[in-house]
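S.K.: need a 3D model of the following:
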Amino acid sequence: MNRNQLERILAVWVVVVGLLLSVPCASEAESVTLTPAQVIVQWLEWYPQDLPNAAKLTTPSLREGLSQKQWVEKNETLLKDLQFKYLEWKILEEETNDVNAFVTMNVRLYLVIGEVRQVETYRLKKMEGSWLIDGQEIEEDRVIGRTV
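M.R.: Numbers count the residues shown, from 1 in each chain. Reported below is the predicted structural model:
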């Protein structure tokens, strides 16, 4: 083998190794799908500051049949007027089967009237391999402070 042939073989080998390293293994590909609890934590981080991304975590049923864009437009002004913001949260319970999940959270949020602590239970559905928020129930609602 001459030097030119060795350089070609080495170049092909570098390309093949690079391609193999760029393809995720099965366990990495599966880890991209969020668990129901991870979806809810992502929701609490995005809602309402980043409604376009938050909308991606919802089913059409939660959005009352509206498209993601329509849902954002409908809720954006209202949530800004309420000064709504999640401040902290803790997962209390997570129940999951093949197609449905329930995640119960203890949350503290801020509204124009003050801080509120409540227990929120989210219903999620698995759609096309991803967990999406399909409903929410507020179990307890107490105002613990007011703005001045």
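
S.K.: would you mind checking which helix or strand in the chain has the lowest mean pLDDT?
M.R.: Here the helix or strand of the chain ranked lowest by mean pLDDT, DSSP states H and E is helix 26-30, holding a mean of 36.

S.K.: after that helix, which helix or strand is next?
M.R.: The first helix or strand that comes after helix 26-30 along the chain, using DSSP states H and E, is helix 36-46.

S.K.: quick one: residues in contact with that following helix.
M.R.: For helix 36-46, the external contacting residues (C-beta atoms under 8 Å, 6 or more residues apart in numbering) are 34, 53-54, 57, 86, 89, 91, 94, 96, 101-103, 105, 107, 122, 124, 131-133. The way it works is simple: take the backbone N, C-alpha and C, and place the C-beta from them, glycine included.

S.K.: strands - which of the residues you listed land there?
M.R.: Among the contacts of helix 36-46, the members falling in strands are 86, 89, 91, 94, 96, 101-103, 105, 107, 122, 124, 131-133 (criterion: DSSP state E).

S.K.: quick check: the farthest pair among these?
M.R.: Spatial extent of the ones in strands among the contacts of helix 36-46 (C-beta to C-beta) is set by the pair Tyr86 and Thr96 at 22.3 Å.

S.K.: who has more neighbours out of those two?
M.R.: Between Tyr86 and Thr96, counting by other C-beta atoms under 10 Å, Tyr86 is the more crowded of the two (18 against 15).

S.K.: pretty sure the more buried one is touching Asn106, no?
M.R.: No: here Tyr86 lies out of contact with Asn106, judged by C-beta atoms under 8 Å, at a distance of 11.5 Å.

S.K.: which phi and psi does Gln83 have?
M.R.: Comment: the main-chain dihedrals of Gln83 come out as phi 60, psi 30, following degrees, to the nearest 10.

S.K.: distance check, it against Ile40.
M.R.: Shown here: Gln83 relative to Ile40, a distance of 22 Å by C-beta to C-beta, to the nearest Å.

S.K.: Tyr122: neighbour count?
M.R.: For Tyr122, the count of nearby residues is 24 (other C-beta under 10 Å).

S.K.: wasn't Gly135 part of a strand?
M.R.: Yes: assessed by DSSP: H, G, I helix; E, B strand; the rest coil, Gly135 belongs to a strand.
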